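# Predicted model follows, preceded by the sequence.
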Amino acid sequence: MLFTAQKAMSDERRMRFGLAERRAALARLAAAIRKFEGEIVQAMATDFGKPEAEVFLTEILPVMQEIRHSRRNLRRWMRPVHVGPTLIGFGTAGRIVPQPRGVCLIIAPWNYPFNLCLGPLVSCLAAGNSAILKPSEMTPATSGVIARLIADTFPPDLVTVALGGKEMSQALLALPFDHIFFTGSPEVGKVVMQAASRHLTSVTLELGGKSPTIVGPDAT
């Protein structure tokens with residue numbers, strides 16, 4: 001099982017997935033995106049007719065920028081931060097040490113299927129975690145490209161893709177992940193948070209809303 005394989009490696013990864021390894025993983029992701037650019041553009045044209053320029057501007061470019069930003073700042077982010085003690089801890093020393101969470105689940109929506117799947121993965125890898133990606137079943141061509149890109153780039157015990165619909169999401173949410181990143185509606189966000197609460201799993205919820213627009217008769 002995908003989750004079991006990643007969970008078995010999580011303790012070892014905490015010890016060996018350091019700065020160099022994380023930067024290398026991010027560099028491999030960037031190279032893979034460049035390699036699959038044509039397939040990404042074609043897949044989004046197939047799924048919902050998104051123009052090539054829009055794919056580069058809203059899907060590919062933000063992820064590439066996130067990779068560059070993370071690789072540039074990763075050393076500083078990983079550095080322990082010394083903090084002063086309170087009065088009750090007088091005479092002691094303290095520091096904050098960033099540590100990986102473990103195995104993460106990323107559930108992406110259909111509207112920006114590449115950006116909102118691979119963007120969170122950048123943060124996941126930068127933090128030293130492994131991940132299972134669940135792209136949207138409503139964009140099957142794009143989800144298929146994501147699955148091929150990831151399989152071509154990473155071992156499954158580091159990053160892998162789970163394709164499927166609602167049943168797959170429910171099966172994944174039943175597992176004790178260490179963190180869940182979900183982008184979607186508030187209604188489904190409540191389901192995700194309820195499932196996470198059973199295992200005390202931390203969550204990042206990026207929830208959308210409705211933005212009604214009135215188009216008048218003189219609109220051109």
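Done, it's in.
# mind listing the strands for this structure?
For the chain, the strands defined by DSSP state E occupy 81-83, 94-96, 103-107, 130-134, 159-161, 179-184, 202-207.
# Please identify the most buried of the ones you listed.
strand 103-107 (a mean of 26; mean count of other C-beta atoms under 10 Å). C-beta coordinates here come from the backbone N, C-alpha and C atoms, glycine included.
# That one to strand 202-207, inter-axis angle?
10 degrees (axes from the mean of the first three to the mean of the last three C-alpha atoms, to 10 degrees).
# What pairs with strand 103-107, parallel or antiparallel?
strand 130-134 (parallel), strand 179-184 (parallel) (DSSP bridges).
# nearest to Ala108, of these?
strand 179-184 (6.1 Å; C-beta to C-beta).
# can you list the residues that contact the closest one?
101-102, 104-109, 116, 120, 124, 129, 173, 188-189, 192, 196, 201-208 (C-beta atoms under 8 Å, 6 or more residues apart in numbering).
# Show me where the chain dips below the pLDDT cut-off.
209-210, 220 (pLDDT under 70).
# all helices for it, in order.
Under the criterion DSSP state H, helices of the chain are mapped to 2-16, 19-35, 37-48, 52-55, 61-78, 115-126, 140-153, 166-173, 186-197.
# Check those for me and report the most buried one.
That would be helix 115-126, which, of these, has the most neighbours on average (mean count of other C-beta under 10 Å), namely a mean of 24.
# Measure how that helix sits relative to strand 179-184, angle-wise.
Using the same axes, to 10 degrees: helix 115-126 against strand 179-184 is 170 degrees.
# Check which helices and strands helix 115-126 is in contact with.
Packing contacts for helix 115-126, counted by 3 or more C-beta pairs under 8 Å, 6 or more residues apart in numbering; DSSP states H and E, involve helix 19-35, helix 61-78, strand 103-107, strand 130-134, strand 179-184.
# any chance of the ones you listed in CSV, with distance to Ser169 too?
Below are these laid out as CSV (distance: least, C-beta to C-beta, whole Å):
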stretch, distance to Ser169
helix 19-35, 24
helix 61-78, 22
strand 103-107, 6
strand 130-134, 6
strand 179-184, 9
